[in-house]
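Chemist: 3D, please:
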Amino acid sequence: MNKIFLKILIVAFGLMASVEVFAAVGVPKVLNYQGRLLDASGILLGESGTEFCFRFSFYDDSVVGAPDNKFWPNGAPSTMTITVKNGVFDAGIGDTLSGGDILDFDFQSQDAAYVNTEVAQKVGATCAPGDGAEVFENLSPRQRVVSSGYSINSDTVAGFRAAPSASGNQIPVLTNGNLFLGSLAPQINATSSNSLTIQGSALGGNLLLNSLSGFVGIGTTSPSQLLSVHGNAFFSGNIFAANIKATGTLNVTGLTTLTNASATQITTAGSAYLATTGGNVGIGSTSPWGLLSVNPDGISGPAFVVGSSTATLFSITQSRIGNLDFSRVTVGGPAKEDQLYVYGRINSSWRVYQREWMATCSPLADVVVDTADICGLVFDEDADGAVEARVSGSSAIRLRASTRGSLAVGEGAILGSGGSLLMDRNNNPVMEARVMPLTLTNHRIEAGFTVRALNGNMAVNTNGVYFRATPASPNWIAVNRRGAETAIDTGVAVSTTNFQELRIEINGNSDTRFFIDGALVAIITDRIPIQDLGFSVGNALITTANAVKNLDIESIKVWIDDLPERTSGEIATTSEDNPISEIQTAEAADSGLGDVVSRILVSLGLFIENGIAKFQEFIAEKAVIKEAEVQNLKVSGKIQLLDQITNEVYCTWIEDGEWEKVSGVCENISASAVTAPEENLPADSATTTDSNPIINEYATSTENIN
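Modeler: Residues are numbered from 1 along each chain as shown. You can find the predicted model right below:
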């Protein structure tokens, strides 16, 4: 193919413009572009008439090649089919009827634009993409658009059009001597230092705009506010204002309505008062029934709001005598049917809580000595340090914990541990507590087993096995302490937003294990205390500052694996949700707590005799028993055994009358997957099976332990 060269004969750019100002619709935005095509030998192309494919675009320089900056069009230029005759072509750039792009280029934005011309010999039936395989050549150099090209602006003035009702960027013209601005919110702005004055027939008719201050004056040439009116103003309609300021007296003889629901309505630097002259003031009501009446009906928000402040929210002069007339009050949440309902906690500096429900009770007084004559539920600390909780009016319903660790229920210890249920490391004690401190600032948190006396100073280290947290160590620290201590940082941060489950296991003299939310976080093998231990969960102030309630305790569980032989007494247990469902409330109140306890013990679910725990019936989902003597054993499911010599784990069960044994943990073995027994045990060792499903791979048994 011969290479095509462009030789410019005539480059003429023109916009066919009408001489009529308002004929802008008829102005064609088409630039006439002429040139001559020659091959490399200088022979004119096209002969008597041949169609070629052309593409036109505008760039910022004449040199073809990077760096290039294309002005127009936004995308790839369209292909136009143009006839070349004796080398001469005539193109209309922007002629959409001939396949060109819309000429929307703003010549006002650029003073140097160059026409980029691409030419290809037509291969297919048309120049349309996909019709043939045209190969375009970019002709160089590009030709500059000279001044004739800017005739496209002939239908505008500096790019703006004129209109009788101007809007946007149009130029307004007079219509019958009147000036109309057609925009939605037209403005007239004075940009110089002079004021803009719209003059009337006299001084009183002037409207002045001070361009420096932005003030508008009516009837005055020196406005002092955004709007200053010299003289009276009459409004036959409504006045809408964000603020109304009166330096004198503001008299309103008609109805004044404030409709803005969220903004400030009335402000004052001094005192504000309403002289009702014997009338009432109503908020949300047109017929107030008191000196100040608030009616919140029909609104979604609260009726009365007080912002954050350290000042007193509500005060009644002490000399006034009256009452608060409320049938139901709810604090901190949606309304309840109770007379008083509080979402959250109620704290009091008093040492008692009073609930008057017994007619024979004496009035409430400061609790300084033991007494059963006050009304309500009482929490008291005796002179000897014992903590007592009881329902007043009945000495039998009382719970008392002494400083020596004994626990008593009722007068004269109807049911009590008496300090005989002791825990030490040989009992393998376990404690679980779900706790959430509110802050560690100036506080020490402790949860575990200690030798500290009741009401002892928790801010001081003591012998024990416990979790500890302080401002200096915000992670939970696992501690064994016997004189000196071994402490391990668990790496688990103390949460002040969620409850955490803390678990401690003391395994005799071997080790202590610490768990947080079920995960083992520390093992300590030394400094396990040899003294008797008691459980302790609480917090203490490091200094007297920040003396605030700090620790939430959801639950505490304490148990031991083995009871010492010196332990005696009875512990009643039941699996019922309501252990005293047979006893009515009235009976319990008449007979006292002792009768309630005695009825519970009738079941004898669990009792201890000479240090040996005995069961009439024992049902457990999972049980770990170190040593047991079983008279009768009934098992539904599998039994997992440990070889004492090899320490290998086996799983055994009955299937189709055969005793099966497989190496491995039962929970990983399916009985139906075993086709033949590995070992048959003696027939006299077998137990019978029943149709009950396997229950968690653990025994459901009835045991008599001697």
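
Chemist: name the SS class of the residue lying closest to residue 494 once chain neighbours are set aside, please.
Modeler: Closest residue to residue 494 apart from its sequence neighbours, by C-beta to C-beta, 6 or more residues apart in numbering: residue 469 at 4.6 Å. Yep, even glycine has a C-beta here, placed from its N, CA and C like the rest. Following DSSP: H, G, I helix; E, B strand; the rest coil, the label given to residue 469 is strand.

Chemist: how close does the closest residue in space to residue 293 that isn't next to it in sequence sit to residue 138?
Modeler: Distance criterion C-beta to C-beta, 6+ apart; nearest residue to residue 293, sequence neighbours excluded, is residue 282 at 4.7 Å. Per C-beta to C-beta, to the nearest Å, residue 282 is found 84 Å from residue 138.

Chemist: before we move on, what about residue 162?
Modeler: According to C-beta to C-beta, residue 162 and residue 138 sit 41 Å apart.

Chemist: what's the burial count for residue 146?
Modeler: Residues within reach of residue 146, counting by other C-beta atoms under 10 Å, total 11.

Chemist: try residue 31
Modeler: Neighbours of residue 31 using other C-beta under 10 Å come to 27.

Chemist: circling back to that earlier point, between residue 162 and residue 138, tell me which one has more neighbours.
Modeler: The residue with more neighbours, out of residue 162 and residue 138, is residue 162; 15 against 12, by other C-beta under 10 Å.

Chemist: hmm, that one is touching residue 170, no?
Modeler: Yes - the pair residue 162 / residue 170 is scored as a contact, 6.7 Å apart, by C-beta atoms under 8 Å.

Chemist: how close does residue 467 sit to residue 279?
Modeler: Here the criterion is C-beta to C-beta. By it, residue 467 lies 66 Å from residue 279.

Chemist: ok, the two, which is more surrounded?
Modeler: The residue with more neighbours, out of residue 467 and residue 279, is residue 467; 28 against 10, by other C-beta under 10 Å.

Chemist: ok, the more buried one touching residue 479?
Modeler: Yes - look at residue 467 against residue 479 with C-beta under 8 Å: they come within range, at 7.3 Å.

Chemist: okay, and the common contacts of these two?
Modeler: Residues touching both residue 467 and residue 479 (C-beta atoms under 8 Å, 6 or more residues apart in numbering) are residue 448.

Chemist: can you pull the buried residues of stretch 116-123?
Modeler: 116-122 (16 or more other C-beta atoms under 10 Å).

Chemist: all helices for this structure, in order.
Modeler: Using DSSP state H, the helices assigned to the chain run over residues 585-591, 593-601.

Chemist: between those helices, which gets the lowest average pLDDT?
Modeler: Among the helices of the chain, helix 585-591 has the lowest mean pLDDT, at a mean of 36.

Chemist: ok, the closest residue to residue 493 other than its chain neighbours - contacts?
Modeler: Using C-beta to C-beta, 6+ apart and skipping residues adjacent in sequence, the residue nearest residue 493 is residue 475, 5.5 Å away. When the contact criterion is C-beta under 8 Å, 6+ apart, the partners of residue 475 are 469, 489-494.

Chemist: now do residue 642
Modeler: Residue 642 makes contact with 648-650, according to C-beta under 8 Å, 6+ apart.

Chemist: what about it, distance to residue 659?
Modeler: For residue 642, the distance to residue 659 equals 18 Å [C-beta to C-beta].

Chemist: residue 217 now?
Modeler: Separation of residue 217 from residue 659 (C-beta to C-beta): 111 Å.

Chemist: who's more crowded, these two?
Modeler: Neighbours per residue, other C-beta under 10 Å: of residue 217 and residue 659, the larger number sits with residue 217, 21 against 17.
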